[in-house]
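Visitor: I'd like to go over a predicted model; first the sequence, then the structure.
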Amino acid sequence: DAGVIQSPRHEVTEMGQEVTLRCKPISGHNSLFWYRQTMMRGLELLIYFNNNVPIDDSGMPEDRFSAKMPNASFSTLKIQPSEPRDSAVYFCASSLADTKEQYFGPGTRLTVT
Amino acid sequence: AQSVTQPDIHITVSEGASLELRCNYSYGATPYLFWYVQSPGQGLQLLLKYFSGDTLVQGIKGFEAEFKRSQSSFNLRKPSVHWSDAAEYFCAVESGGFKTIFGAGTRLFVKA
């Protein structure tokens, strides 16, 4: 099993640009989570999906952030326009709803200059 | 509101010494509790979980945790720490549905 796959691993972009982060969950998992991790705020849940449906997006900081899960094997997190304060490591995790064990990807380190 | 508190931001222990990382939670019902570990530059990895039953749960890498309902605690322990255990440790509680709340983390340093 390849685990949760995230791309890119590193992203450097200029303020105002659109950023798209990608995630492939573990096959068979039916829940998917997007987190943001910073030194100041720790690990924050942004949004989670169950069976490809967004369940709770209350953690999405503002309208600049959007997430989609068009099918069970792919999700995106988009930031448009990006700002320097969006700089963080973004993690995707997946789980089987019954087990509640989350498997994390390696993360995408985003730097917005 | 549900919350998870890890009172120690960082802890330093000598290699071979025992370890206990503290975790307290606030949750009305019987919680689902987890400990995750994060090594530098990597994602979080599940160490162990508690759902019900025996309050002492065993995990990977020689870790164990004990659920104490009366103290609302779920402390992580290891009898003998190895240098490779140096990492950040997160306690987490599932608050119902699918949402998991993570503590702020405790960074473990291991000295030779």
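Guide: Received the coordinates, thanks. Numbers count the residues shown, from 1 in each chain, chains lettered A, B, ... in the order given.

Visitor: tell me the confidence at A:Asp1?
Guide: On pLDDT, A:Asp1 comes in at 65.

Visitor: I should have written A:Gln17 there, sorry.
Guide: For A:Gln17, pLDDT reads 97.

Visitor: low-confidence ranges in the chain?
Guide: With no chain named, the answer covers chain A. Residues of chain A that meet the criterion pLDDT under 70 lie in A:1.

Visitor: my question was about chain B, not that one.
Guide: B:28.

Visitor: which residues of it lie near chain A?
Guide: B:32, B:34, B:36, B:41-46, B:49, B:51, B:90, B:94, B:97-102, B:104-105 (C-beta under 8 Å from any C-beta of the partner chain). For glycine as for every other residue, the C-beta is placed from the backbone atoms N, C-alpha and C.

Visitor: quick one: buried ones out of these?
Guide: Using 16 or more other C-beta atoms under 10 Å in any protein chain shown as the burial test, the residues of chain B next to chain A include B:32, B:34, B:36, B:43-46, B:49, B:90, B:94, B:98-102, B:104-105 as buried.

Visitor: which residue does chain A have closest to chain B?
Guide: A:Phe104 (3.2 Å; C-beta to the nearest C-beta).

Visitor: contacting residues around that residue?
Guide: A:Val4, A:Phe91, A:Cys92, A:Ala93, B:Tyr36, B:Gly43, B:Leu44, B:Gln45 (C-beta atoms under 8 Å, 6 or more residues apart in numbering or on different chains).

Visitor: and for A:Thr38?
Guide: If you count contacts by C-beta under 8 Å, 6+ apart, A:Thr38 has them with A:Glu44, A:Ser87, A:Ala88, A:Val89.

Visitor: so the second one makes contact with A:Thr108?
Guide: No. Taking C-beta atoms under 8 Å as the contact criterion, A:Ser87 and A:Thr108 are not neighbours in contact, 11.3 Å apart.

Visitor: between those two, who's got more neighbours?
Guide: A:Thr108 (21 against 17; other C-beta atoms under 10 Å in any protein chain shown).

Visitor: how far away is that one from B:Thr55?
Guide: According to C-beta to C-beta, to the nearest Å, A:Thr108 and B:Thr55 sit 38 Å apart.

Visitor: then B:Val81?
Guide: Distance from B:Val81 to B:Thr55, by C-beta to C-beta: 23 Å.

Visitor: those two: which is more packed in?
Guide: Applying other C-beta under 10 Å to B:Val81 and B:Thr55 shows that B:Val81 carries more neighbours, namely 20 against 12.

Visitor: tell me the backbone dihedrals of the more buried one, please.
Guide: The phi and psi torsions at B:Val81 (degrees, to the nearest 10) take the values phi -80, psi 140.

Visitor: B:Leu19 is in contact with that one, correct?
Guide: Yes. The pair B:Val81 and B:Leu19 qualifies as a contact (C-beta under 8 Å) at a distance of 4.9 Å.

Visitor: mind listing what whatever residue of chain B ends up closest to chain A touches?
Guide: In chain B, the residue that lies nearest chain A is B:Gly43 (3.2 Å; C-beta to the nearest C-beta). Residues near B:Gly43 by C-beta under 8 Å, 6+ apart: A:Val4, A:Phe91, A:Ala93, A:Phe104, A:Gly105, A:Pro106, A:Gly107.
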